[in-house]
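K.L.:
Turn this into a structure:
(chains A and B)
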There are 2 protein chains.
Amino acid sequence: MFQTFQDTASPEQGPVRLKALREAMLAEGVDGFIVPRSDAHQGEYVAPRDERLAWLTGFTGSAGWCVALADRAAVFVDGRYRVQVKAQVAPSFEKVDWPETSLADWIGAALPKGVVSFDPWLLSVDQLRGLEGKLEHDLRPCRNLVDAIWQDQPAPPMGAVFAQPVTLSGEPHEDKIARLAAGLGAAKVAVITLPDSIAWLLNIRGSDIPRNPVPHGFALLHSDARVTLFMDAGKLEGVHEHFGPRVTLAAPEAFEEALAALEGPVQIDPGTCPVAVAKALEGRDLIEADDPCLLPKACKNAVELDGTRAAHLRDAAAMVRFLAWLDAEAPGDLTEISVVKRLEEERRATNALRDISFETISGSGPNGAIVHYRVTEATDRPLKEGELLLVDSGGQYVDGTTDITRTLAIGAVGREEAEAFTRVLKGMIAISGLRFPKGLAGRDIDPFARAALWQAGLDYGHGTGHGVGSYLSVHEGPARISRAGTVPFEPGMILSNEPGFYREGAYGIRIENLIVVEEAPDLPGQTVPQMLRFETLTWVPIDRRLILTELLTETERNWLNAYHAEVLEQVAPLVDDVAGGWLSQACQSI
Amino acid sequence: MFQTFQDTASPEQGPVRLKALREAMLAEGVDGFIVPRSDAHQGEYVAPRDERLAWLTGFTGSAGWCVALADRAAVFVDGRYRVQVKAQVAPSFEKVDWPETSLADWIGAALPKGVVSFDPWLLSVDQLRGLEGKLEHDLRPCRNLVDAIWQDQPAPPMGAVFAQPVTLSGEPHEDKIARLAAGLGAAKVAVITLPDSIAWLLNIRGSDIPRNPVPHGFALLHSDARVTLFMDAGKLEGVHEHFGPRVTLAAPEAFEEALAALEGPVQIDPGTCPVAVAKALEGRDLIEADDPCLLPKACKNAVELDGTRAAHLRDAAAMVRFLAWLDAEAPGDLTEISVVKRLEEERRATNALRDISFETISGSGPNGAIVHYRVTEATDRPLKEGELLLVDSGGQYVDGTTDITRTLAIGAVGREEAEAFTRVLKGMIAISGLRFPKGLAGRDIDPFARAALWQAGLDYGHGTGHGVGSYLSVHEGPARISRAGTVPFEPGMILSNEPGFYREGAYGIRIENLIVVEEAPDLPGQTVPQMLRFETLTWVPIDRRLILTELLTETERNWLNAYHAEVLEQVAPLVDDVAGGWLSQACQSI
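P.N.:
I've put the predicted structure just below:
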């Protein structure tokens, strides 16, 4: 099992460790120390060595901050984690609603003046600017004071790196390097600090952190189409042959020195570039721009799209076997954990699963309303007749990354749930069937996913969709379907389409397919120069028992029936007779 | 008739006048002079005295600029006017596509260095900043050099001012003054330069410019709930009793001196405040904020809404009489001009029409595709069997401002036009029937008006709707339904809902109702704290002969049939038997 169901934090350690941190602060001569959840690469997952926030405070969520002062300390978490933080973190830490209250707001009120310090590898240039803009304090980089007191801190990860062959990546890394180098413009070199950017650019994958198949490292992309890769040689033993003359390997320890030796305009991405990198480049002509890999990585090529289609069919077969089993067994004495286990087993049975793409969300009844619920032994809940079960999960395969949510009826459920489910489905179909002018971004289409819910006074408090990588991060920028989505859609971008509805304390509904942006062929008489539309990647039945047919328009019914016909055609050959029988039933027209 | 059909420009005068302007520039010691179309109040309509751009260049459009240099001169117009400018302006002026090419871009390329001057009353603070940000030139305010050479320039307008009684405004001006003064915050005084803001705040109307019932003037709103109004006493004879102790009258000539005497923080709106005002306030503590009247003026109160409902019914009756006549007579030997004339006659026959709210757009066949078409004797086109006629018009009544577009079939028209019409209608219904969370703005709902067109590869190149005043400007900020609409909707805001489709050289379609934002009553089980929806104000049949019923959903058909039933119920009592017979036919269910 990739997944565990223990609560790994040690909240009772918090006060002791906070005391030790304060002693280290005193020795360092600083009045405050900032502990982010992030590592130097600003990703969603971090290595055990980088779990400083959890080690110090007990809080195990995927985003958050701690600020320690001599007499006060606070943990900052967003709306997803406000219940969890209370259970995991000792009272010696105040709990602050973030980002409603920013770190600067709290520091400004708690400490009139003084030295506030931080590890410059863990704060981005933009994050530091945000603090500088609001605080008059001396904001001082220093060594990591958590590392200084963490006696048994794990070593940096040393996961083996392997090549992503061009049969899966679709473009030799030499070509990617040349293409991006040519686009650098005035910059002589770009600093790349995001692991998935480096993995994409060099056609490598790694295993330094859970869920995301990337190695930790830094890279310099030179305008003469060379790359310097700063990565521990111990991880690279299997791939020396792979890199070729365009790539020079160097030790991670050499990175700062190499930065200091750079000449000419240097490009950094202030949103993710560590302060330490900018400090090392001080005095140099800096160009601020997005990481140059972001957009080309998001626009998958034909080979990557073929790969992801294959991965999605494989994953769909596992999902169908799982759903057939669930329908036969539930509720029985099944619990949320047994659901997670069975689903992971079905994915493993494909013999192609490299990892899950994130911790499975398996929420029964009221737990379904906790948007980022992760079941533990302490919270595990039995499935119950008449309740909904929300299962959001995905797999990492060498040819693609999947992410799917289905909400399932356990026995007969009430009309309220069915009506909400149908409205969520209408939103999901609205996005799936959209045709729209090139140039639009996520915020222009996000409302279509919500309109049917709005008609009933309902909505959901998250975006409609995020970008998805190609055997990379399941959450990938820069495009997304949300009110905050301003990056125009481009062909090849893979996105999730996952409207939902959550009735707190009662039930949660989410329906999620992955979709890919494609050019829409011109129609007779068309006046818009270029139109886009979505191809669906996910082929798994949507629970028809939860659909109120009379709420669907003819267009929506047609979409659903065509979708299920395609599911049956594509997936039936991939499953055994038992699952196949279930599938035929599940795919009947409405 | 309010409307004329002559082309009033004198393009042949352009070169002569440009020569005179260059002599004035030489005498003034400047290398360039900027002539905007705007007056000191930044509105859409200007008085004859302020038609400097038309006088100098011949261009009569409602937006544009001229820049004159010693050896080159250019007229800058937006996409609406690129055909018109070529016909109206002599070759001695270059024609520049604006805003794609900004004034600064052109000046920067045409004049390496030197003194570029302008009348500081005619440029806003933001406009000057835009130039300063891009040019190294000496940007120097000076006297108006067009006025200096315009021998027979008309005098400033002296239209009589009259009171808008509280039975129509719904709130005594004393209360408005007190309410806004209390909201000024740190500012001791706010400068108000927009005529419709002054008219709204003081419950007055005027007649200084066509189409907008406002007087020219400036005002100071003091934080102790007093207003100083700078306006020619000759215009105010009928309203001295109206103002009361909170309002002090002063001569327009005293305005600059009064500004110079102000103390304490002064609030200006840099988007519309003339440079001359900011110069007069130099050295003072300036607070930049939106004109404080903008938002309260946009949110109509119950009395204003009752007024606009009455105005809309009156206007609907005139429209119905007009449409009944048109159906009986067209095509006959009718032309676009005879349509405009008859429609204005029907509005005048209400005995309540104070003005039209803008020049009627009457576009037959291909002329319908010119979005801001204004018919002249030179362009007048007969109505023809099998073509569409687009009529966009409105009236100014003391109780409300109307704006309506109907697209009409002259005889039997083709399926292509009907399909496009039906898709436009679907978009218009989508906006009308929307229910959405409070907090959303125009850009969040604009796509709903376009989705049905997008499905066919079609779209339109303008926003879906603009704000509308209460017996004020037919184009009123700050909210609008468009990709650029970022001001959240508030109850009481009147907006137009006018999607369209234009096939260049063939036909134009637009369907426009006015709608007003209202709070939507809570629904059982609602989770969104506050929802909004739209009330429809416009009650005039939509041409059923152009609707392909099979393209409508059941919800859309129900909306249309309910709309027509309401039109019949509300308007039938207001028209004679002939028009009533036509109306019954036009309102039948589909």
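
K.L.:
For the stretch 1-150 of chain A, give me the ranges with low pLDDT.
P.N.:
Applying pLDDT under 70 to the stretch 1-150 of chain A picks out residues A:8-9.

K.L.:
just the strands in it please.
P.N.:
Using DSSP state E, counting those that start in this stretch, the strands of the stretch 1-150 of chain A run over A:32-36, A:65-69, A:73-77, A:94-97, A:115-118, A:138-141.

K.L.:
then the one helix or strand A:V424 maps to to PDB, C-alphas only?
P.N.:
Assigned by DSSP states H and E, A:V424 belongs to helix A:415-432. C-alpha atoms of helix A:415-432 as PDB (Å, rounded to 0.1, in the frame of the first residue of the first chain):
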ATOM      1  CA  ARG A 415     -34.300  13.200  -3.400                       C
ATOM      2  CA  GLU A 416     -32.300  16.200  -2.100                       C
ATOM      3  CA  GLU A 417     -29.000  14.400  -2.700                       C
ATOM      4  CA  ALA A 418     -30.100  13.300  -6.200                       C
ATOM      5  CA  GLU A 419     -31.200  16.800  -7.100                       C
ATOM      6  CA  ALA A 420     -27.900  18.300  -6.000                       C
ATOM      7  CA  PHE A 421     -26.000  15.500  -7.800                       C
ATOM      8  CA  THR A 422     -27.900  16.200 -11.000                       C
ATOM      9  CA  ARG A 423     -27.100  19.900 -10.700                       C
ATOM     10  CA  VAL A 424     -23.400  19.100 -10.200                       C
ATOM     11  CA  LEU A 425     -23.600  16.800 -13.200                       C
ATOM     12  CA  LYS A 426     -25.200  19.600 -15.300                       C
ATOM     13  CA  GLY A 427     -22.200  21.800 -14.500                       C
ATOM     14  CA  MET A 428     -19.700  19.100 -15.400                       C
ATOM     15  CA  ILE A 429     -21.500  18.400 -18.700                       C
ATOM     16  CA  ALA A 430     -21.600  22.200 -19.400                       C
ATOM     17  CA  ILE A 431     -17.800  22.400 -19.300                       C
ATOM     18  CA  SER A 432     -17.300  19.100 -21.200                       C
END
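
K.L.:
re earlier: from the strands of the stretch 1-150 of chain A, which stretch is densest packed?
P.N.:
strand A:73-77 (a mean of 26; mean count of other C-beta atoms under 10 Å in any protein chain shown). C-beta coordinates here come from the backbone N, C-alpha and C atoms, glycine included.

K.L.:
Now do it: which elements does it pack against?
P.N.:
Applying 3 or more C-beta pairs under 8 Å, 6 or more residues apart in numbering or on different chains; DSSP states H and E, one finds that strand A:73-77 makes contact with strand A:65-69, helix A:82-88, strand A:94-97, helix A:103-110.

K.L.:
what distance separates that strand from the centre of its chain?
P.N.:
Chain-centre distance of strand A:73-77: 23 Å, with C-alpha atoms, centre = their mean, to the nearest Å.

K.L.:
ok, back up a step: any chance of the helices and strands packed on strand A:73-77 in TSV, plus distance to B:I149?
P.N.:
Shown next, in TSV, are these (distance: least, C-beta to C-beta, whole Å):
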stretch	distance to B:I149
strand A:65-69	66
helix A:82-88	70
strand A:94-97	65
helix A:103-110	57
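
K.L.:
Distance to chain B for these - can I get that in a markdown table?
P.N.:
What follows is the helices and strands packed on strand A:73-77, written out as a markdown table (distance: least, C-beta to the nearest C-beta, whole Å):
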| stretch | distance to chain B |
| --- | --- |
| strand A:65-69 | 27 |
| helix A:82-88 | 18 |
| strand A:94-97 | 18 |
| helix A:103-110 | 21 |
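
K.L.:
Near A:R348, how many other residues are there?
P.N.:
15 (other C-beta atoms under 10 Å in any protein chain shown).

K.L.:
same question, A:P154
P.N.:
A:P154 - counted by other C-beta under 10 Å - has 12 other residues nearby.

K.L.:
So it sits against A:R49, correct?
P.N.:
Yes: if you go by C-beta atoms under 8 Å, A:P154 and A:R49 touch, sitting 4.4 Å apart.

K.L.:
How about the contacts made by A:A148?
P.N.:
Shown in contact with A:A148 (C-beta atoms under 8 Å, 6 or more residues apart in numbering or on different chains): A:A24.

K.L.:
Stretch A:483-493: end-to-end distance?
P.N.:
Terminal residues of stretch A:483-493 lie 18 Å apart, using C-alpha to C-alpha, to the nearest Å.

K.L.:
ok, now stretch A:116-129?
P.N.:
Termini of stretch A:116-129 sit 14 Å apart (C-alpha to C-alpha).
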